[in-house]
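Q: Sequence and computational prediction follow.
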Amino acid sequence: MEKTKELIITHEFGLHLRPAGLLVKTAKQYSSDITIEKDGMVVDGKSIIGITTLHAERDTTIIIKARGEDADQAIEALARLVTNNFEEAWPVKTKESDYMLKGIGVSPGIIIGKVFLF
C-alpha cells in the first residue's frame, strides 16, 4: 500500500537539524519505505542527512510518501509531527498578526512570571 501527504513547513526556522531528527526517529518506527520530496528532490525519510539537504524553509511544501504495510500509520504520525511544529515551543506565526505558543509540560506544577514573545 502507498500513501502520500502534502504538508507545509510552518516552523519559524524551517526543517532544521532537530526537526529532521524527530522525523527520522518517527519514520524508523515503521517498516514502510518512506521518502520526502521538495521541489522534485526526493530523499530517504529515514536519513537525517538526506532530510537536511532538502533545505526546507518555513512555508515550504514537502510531500511525504510511505510504501508498505503500515503506510497509513507512518503518514499519520509524520503529518502530526509536521503540523504540530515538531513539538517545539517556539512562536509559530500562523497569520501576520496572530502568534501562538506551543509547548510540552516537562514537570508538574505551575510557573508564574512574564512571558516575552520576540
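A: Here it is on my side, so go on.

Q: now the helices: where do they sit in the chain?
A: Secondary structure of the chain by DSSP state H: the helices cover 17-27, 48-52, 71-83.

Q: As CSV, the ones you listed with mean pLDDT and distance to Val115 would be great.
A: Quick note: C-beta positions are derived from backbone N, CA and C, even for glycine. Compiled in CSV, these are given as follows (pLDDT from 0 to 100; distance: least, C-beta to C-beta, whole Å):
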stretch, mean pLDDT, distance to Val115
helix 17-27, 94, 22
helix 48-52, 95, 31
helix 71-83, 95, 23
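
Q: Out of those helices, flag the one nearest Asp59.
A: Using C-beta to C-beta as the measure, helix 71-83 is the one of the helices of the chain that comes nearest Asp59, at 12.7 Å.

Q: if we can go back for a sec, what would the helices of the chain look like in TSV with distance to Ile64 and mean neighbour count?
A: Output for the helices of the chain, formatted as TSV (distance: least, C-beta to C-beta, whole Å; neighbours: other C-beta atoms under 10 Å):
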stretch	distance to Ile64	mean neighbour count
helix 17-27	9	18
helix 48-52	11	17
helix 71-83	5	18
